[in-house]
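Asker: Attaching a predicted model along with its sequence, questions to come.
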Amino acid sequence: MSKGDRVIYAYMRQYLNSESVSQQRKAIATFALKKSIYINKEVIEYTTKNISVEERFEFEKFVHTLKKGDIIVLSDISILSSLAEDVVKVVTCLISRGVEAYVASSKSSINKATTLGEFFPYLNGLRDAQKKVSKTIGRPKGSKSNSKFDSMYSKILEMLNNGHTVSFIAREFKVSRSSLKDYIQSRGMKDILNDSSDQKEPSKRLSDRLIICPFDKQNITKG
């Protein structure tokens, strides 16, 4: 796709405890001006609850309109989702479609060359924010139940990516292997990594991992 064919979207989402749309728009506009990026379209999603990505049907429709070469500009990575596992799904989904994401707050871009190691700091920040919100308002309806492993999510994902087995990780954290295995399955980590946790040859890039969007996977199940 030529530069003339691609579309650059300013994507904003208003939900509980998020920045206002006007704040997001200002951050995106400032970033775009400094980067000499021309925004073609604005997309605003409103959700009354912080639900899982599979339940955000308007966002699903938006994702299906994206084409290879398109760009999404966000004020912050948490606008995609405040749930770390959902952010990984969405980002790898975008990459599999050839879509690049620009994040204004970190002045960075996420694309097919982005490694998991470069992406982990985003997840750690989301996890910290998620724990604070959970203590304040409790668990949102429709979200996964809390687990003692949630605070270790980023580290578990990183260790799996580095080729460590579930048994090894369980010993490191001094937890039950069966409980850890159940957690990994419930959070879809093997789908995210697109690999067995017992293999020793981890891929280096996010784009090598999940090649089916959560929405596409859902549609396959429905079909």
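Answerer: Sure thing, it's come through.

Asker: Distance check, residue 75 against residue 105.
Answerer: Taking CB to CB, to the nearest Å as the criterion, residue 75 is separated from residue 105 by 6 Å. Just so you know, the C-beta spots here come from the backbone N, C-alpha and C atoms, and that holds for glycine as well.

Asker: swap in residue 46?
Answerer: Counting by CB to CB - residue 46 and residue 105 are separated by 21 Å.

Asker: Looking only at neighbour counts, state which of those two leads.
Answerer: Neighbour tally, residue 46 and residue 105, criterion other CB atoms under 10 Å: the higher count belongs to residue 105, 15 against 10.

Asker: where's the more buried one, which helix or strand?
Answerer: When elements are defined using DSSP states H and E, residue 105 is found to belong to no helix and no strand.

Asker: now swap in residue 43 and tell me
Answerer: Since the elements are taken from DSSP H and E, residue 43 ends up inside strand 41-46.

Asker: Number of residues surrounding residue 162?
Answerer: Burial of residue 162 is recorded as 12 neighbouring residues (other CB under 10 Å).

Asker: where do the contact lists of residue 75 and residue 105 overlap?
Answerer: Between them, residue 75 and residue 105 have residue 27 as joint contacts when contacts are counted by CB atoms under 8 Å, 6 or more residues apart in numbering.

Asker: Now do the end-to-end distance for stretch 100-120.
Answerer: In terms of CA to CA, to the nearest Å, the two terminal residues of stretch 100-120 are separated by 17 Å.

Asker: So which bits of it are buried?
Answerer: Buried residues in stretch 100-120, defined by neighbour count with 16 or more other CB atoms under 10 Å: 100, 101, 102, 103, 104, 110, 111, 114, 116, 119, 120.

Asker: Check these and tell me the two furthest apart.
Answerer: 104 and 116 (22.1 Å; CB to CB).
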